[in-house]
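Chemist: Please work out how this folds:
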Amino acid sequence: MILQRRQTIHTTKNPSECAQIISGSILKGDTNLLSKYEARAQPNQRLRPAFGIDNAFTTDHSERHKEYRNKVGTMLRPDWNMVASAAKRLAKNECPKNLVNLVQSFVLKMTINVLFRHDFPSLDDESISLVASEINDIWIGSKLPRHIVPWSKQDRLHDALRLLVPNRDPLDPQRNAMNFILPAFETMWRIVLRCFIEVRYRGAEETEEWIAALKLFLENPTVRLEDSHEGASEIEKAISIVREALRLYPPTRHIHRHFRFASGSSILAIADIEGLHRDTAIWGFDADCFRPSRWANMRHEPEPFNAWMPFGSSPFLCPAKPDFGPRMIGILVAALVDAFSDVRYELNVRDPRGQKESAKFYGLLRSDRDSYKELFLEKVDRRCR
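Modeler: From the prediction side, this is the model:
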């Protein structure tokens, strides 16, 4: 009788080991018998029945992976001035309400606008709200196989997607718009939410300074650090804000890979990106603090940058890393800050009985996908006080 060895789990926040795990090829000197695509795809198989997708995250075929990456590459080349203008206009039109719902709807509208070049009037608010909330709920439920509702039975979600992206069949795994919406939206709205809270509602001494920097970035979204510009120092602050938010609240907190070795053993290896980004041995005693100014001192220090992996690492470096991801996050956060920086906008906590009090935050913001549903952004007429 052949005894099958149980799969073990290995988790690390060591930067070199994290990079090894993400590559999916070698772990601690042992070669993976699985291809790098198989190593990546196997932990993501739950996403196939949950979202009806077939993309680079779920396929073990190199050609399919290449085809998807090439397609994404063409989608991530927007006119940034138009994106910033659209984000500013859209945020101004958003009504104060539940903060999670507001950020989810705002980010999903901008995601569809940028990826599929669809104008906002065609984006039905009810469909947007449904798709945004369902993506989050399905993702959480997909971690427990018995909670997965087959994608083929998600009729309301299919109807909403057909309204929002009419030229893509949600029941065709390769044409399903969710192949592109999911990796863009699901990761982005959470970082935008937390960056907005950090900048606007944590009461930091630098709050006004951060707001001014982001507003300037919103007006100059194509400026790079190496460009000579009148507001170069402010642009650098805005970029540092985004980097710091990505450090503390990485879009993917843990990256999983399957390894199978010649010995017959197998390992589910987990790169703890969140732990890596908060490691005091790398980032200092204040690693848990949101301090964008730390990046001003890191231009010539390679170690922190080597330990900064919000977009993964080679050979599975997210195509959004070089430009699209950080710039898009900066624009979206800046647009929200621009729209709601007025002191009349308060962030309150509502309990189940409808009682409310001013929101207060201590330490790191919670990272769970279902966090902060109790927060409401409200407009207050201070003249009546």
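Chemist: Would you quantify the distance from the closest residue to residue 92 other than its chain neighbours to residue 95?
Modeler: If the residues on either side of it in the chain are set aside, residue 92 comes closest to residue 339, at 5.0 Å by Cβ to Cβ, 6 or more residues apart in numbering. Every C-beta, even on glycine, is put in place using the N, C-alpha and C of the backbone. Going from residue 339 to residue 95 by Cβ to Cβ, to the nearest Å gives 11 Å.
Chemist: Check residue 142 too.
Modeler: 31 Å.
Chemist: And these two? Which one has more around it.
Modeler: Remark: of residue 142 and residue 95, residue 142 carries more neighbours, 18 against 7, as counted by other Cβ atoms under 10 Å.
Chemist: how much space between the more buried one and residue 164?
Modeler: Following Cβ to Cβ, the distance that separates residue 142 from residue 164 is 21 Å.
Chemist: Also residue 288?
Modeler: In terms of Cβ to Cβ, residue 288 sits 38 Å off from residue 164.
Chemist: Same drill for these two, tell me which one is more crowded.
Modeler: residue 164 (22 against 12).
Chemist: Could you verify my assumption that the more buried one touches residue 120?
Modeler: No. In this structure residue 164 lies outside contact range of residue 120 using Cβ atoms under 8 Å: 11.1 Å.
Chemist: Helices of the stretch 201-350 of the chain, residue ranges please.
Modeler: Remark: helices assigned in the stretch 201-350 of the chain by DSSP state H, counting those that start in this stretch are 207-219, 232-248, 273-277, 280-283, 302-306, 324-340.
Chemist: and those, which one's lowest on average pLDDT?
Modeler: When those are ranked by mean pLDDT, helix 302-306 comes last with a mean of 64.
Chemist: tell me which helix or strand of this protein sits lowest on mean pLDDT?
Modeler: helix 302-306 (a mean of 64; mean pLDDT, DSSP states H and E).
Chemist: Could you pull up the contacting residues of the residue lying closest to residue 371 once chain neighbours are set aside?
Modeler: In space, residue 371 comes closest to residue 365 once its chain neighbours are excluded; the distance is 7.6 Å by Cβ to Cβ, 6+ apart. Going by Cβ atoms under 8 Å, 6 or more residues apart in numbering, residue 365 touches 194, 197, 198, 248, 249, 371, 372.
Chemist: And for residue 114?
Modeler: Here residue 114 is in contact with 75, 78, 83, 328 (criterion: Cβ under 8 Å, 6+ apart).
Chemist: In three-state terms, label the residue nearest in space to the middle of the chain for me.
Modeler: Centroid-nearest residue in the chain: residue 187, 2.4 Å away (criterion: Cα atoms, centre = their mean). Of the three states, residue 187 takes helix under DSSP: H, G, I helix; E, B strand; the rest coil.
Chemist: For residue 100, see how far away it is.
Modeler: Distance from residue 187 to residue 100, by Cβ to Cβ: 15 Å.
Chemist: Tell me which stretches of the stretch 151-300 of the chain form strands.
Modeler: Taking DSSP state E, counting those that start in this stretch as the criterion, the stretch 151-300 of the chain contains strands spanning 254-260, 266-272.
Chemist: wait, which of these is closest to residue 376?
Modeler: strand 254-260 (30.2 Å; Cβ to Cβ).
Chemist: The closest residue to residue 160 other than its chain neighbours and residue 139: what is the separation?
Modeler: If the residues on either side of it in the chain are set aside, residue 160 comes closest to residue 127, at 3.9 Å by Cβ to Cβ, 6+ apart. Using Cβ to Cβ, we find residue 127 at a distance of 18 Å from residue 139.
Chemist: quick revisit: so which of the contacts of residue 114 comes closest to residue 111?
Modeler: The closest of the contacts of residue 114 to residue 111 turns out to be residue 328 (Cβ to Cβ; 8.8 Å).
Chemist: residues contacting that closest one?
Modeler: So residue 328 contacts 83, 110, 114, 188, 320 (Cβ under 8 Å, 6+ apart).
Chemist: Tabulate the residues you listed (TSV), appending pLDDT.
Modeler: Listed next are these as TSV, based on pLDDT from 0 to 100:
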residue	pLDDT
83	96
110	96
114	95
188	95
320	82
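Chemist: quick one: which of those has the most company?
Modeler: Ranked by the number of neighbours (other Cβ under 10 Å), these place residue 110 first, at 26 neighbours.
Chemist: got the contact list for that one?
Modeler: 83, 86, 87, 90, 328, 332.
Chemist: Quick one: list the elements packing against the one helix or strand the first one maps to.
Modeler: Secondary-structure assignment from DSSP states H and E places residue 83 in helix 80-93. Packing partners of helix 80-93 (3 or more Cβ pairs under 8 Å, 6 or more residues apart in numbering; DSSP states H and E): helix 99-116, helix 207-219, helix 324-340.
Chemist: If you drop the residues flanking it in sequence, what lies closest to residue 86?
Modeler: Nearest residue to residue 86 in three dimensions, chain neighbours excluded: residue 113, at 6.1 Å (Cβ to Cβ, 6+ apart).
Chemist: which sections of the stretch 101-250 of the chain are below the confidence cut-off?
Modeler: Within the stretch 101-250 of the chain, the stretches with pLDDT under 70 are 224-232.
Chemist: if you set the cut-off to 50 instead, what comes out?
Modeler: For the stretch 101-250 of the chain, the stretches flagged by pLDDT under 50 are 228.
Chemist: For the closest residue to residue 24 other than its chain neighbours, list the residues it contacts.
Modeler: The shortest distance from residue 24 to any residue other than its chain neighbours is 3.3 Å, reached at residue 39 (Cβ to Cβ, 6+ apart). The contact partners of residue 39, by Cβ under 8 Å, 6+ apart, come to 24, 25, 32, 257, 258, 259.
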